[in-house]
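**Q** Need coordinates for the below:
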Amino acid sequence: MNINESNPDIHRSISNAMNDAQALLAATADATQENVIRARRALSDTLKSAKETCASLGRKTFRSVRSVNEMARTNFYEAAGITFGIGALIGFLVGRHR
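**A** Down below sits the predicted model:
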């Protein structure tokens, strides 16, 4: 599973923003005013940085999920015990307020 499959709304929003920004860059490609040129350069740099950040975030997320999965598989009883304990504590606290 990759980040695109796990967060389709976030991925769609980011993709739409990047597509809009790229369309803006394409639409102003032949503009010659200095302010437009600087804005295009800054937007291009920001898009490049955003793509790199998203790729890095995807890799870090995948590594984290993989390590948690590996820990849960190798320490199944400990993970099940912790999960049960947290559930029991939440149940106790919720039941106590009624």
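
**Q** Just give the closest residue to Met18, not the sequence neighbours.
**A** Nearest residue to Met18, sequence neighbours excluded (Cβ to Cβ, 6 or more residues apart in numbering): Leu47, at 6.2 Å. No exception for glycine: its C-beta is placed from N, CA and C like everyone else's.

**Q** OK, contacts around that neighbour?
**A** Applying Cβ atoms under 8 Å, 6 or more residues apart in numbering to Leu47 gives the contacts Met18, Ala21, Gln22, Leu25.

**Q** quick one: which of these is nearest to Phe76?
**A** Nearest to Phe76 among the contacts of Leu47: Met18, at 40.9 Å, using Cβ to Cβ.

**Q** Secondary structure element holding the closest one?
**A** Element membership for Met18 (DSSP states H and E) is helix 8-27.

**Q** With Ala31 instead?
**A** Using DSSP H and E, no helix or strand contains Ala31.

**Q** Isn't it up against Ala39?
**A** No: applying Cβ atoms under 8 Å, one finds Ala31 not in contact with Ala39, separated by 9.3 Å.

**Q** Looking at the two, which is more packed in?
**A** For Ala31 versus Ala39, the count of surrounding residues by other Cβ atoms under 10 Å is larger for Ala39: 15 against 11.

**Q** where does that one land on pLDDT?
**A** Note for Ala39: predicted pLDDT of 76.

**Q** What of Glu5?
**A** The model's pLDDT for Glu5 equals 54.

**Q** pLDDT below threshold where in the protein?
**A** Scanning the chain for pLDDT under 70 picks out 1-8, 98.

**Q** please redo it, this time with the cut-off set to 80
**A** 1-18, 20, 24-25, 27-32, 34-40, 43, 47, 50, 72, 97-98 (pLDDT under 80).

**Q** Could you pick out the longest helix of it?
**A** Criterion DSSP state H: the longest helix present in the chain is helix 34-74.

**Q** what's downstream of that helix, the next helix or strand?
**A** Downstream of helix 34-74, the first helix or strand assigned by DSSP H and E is helix 76-96.
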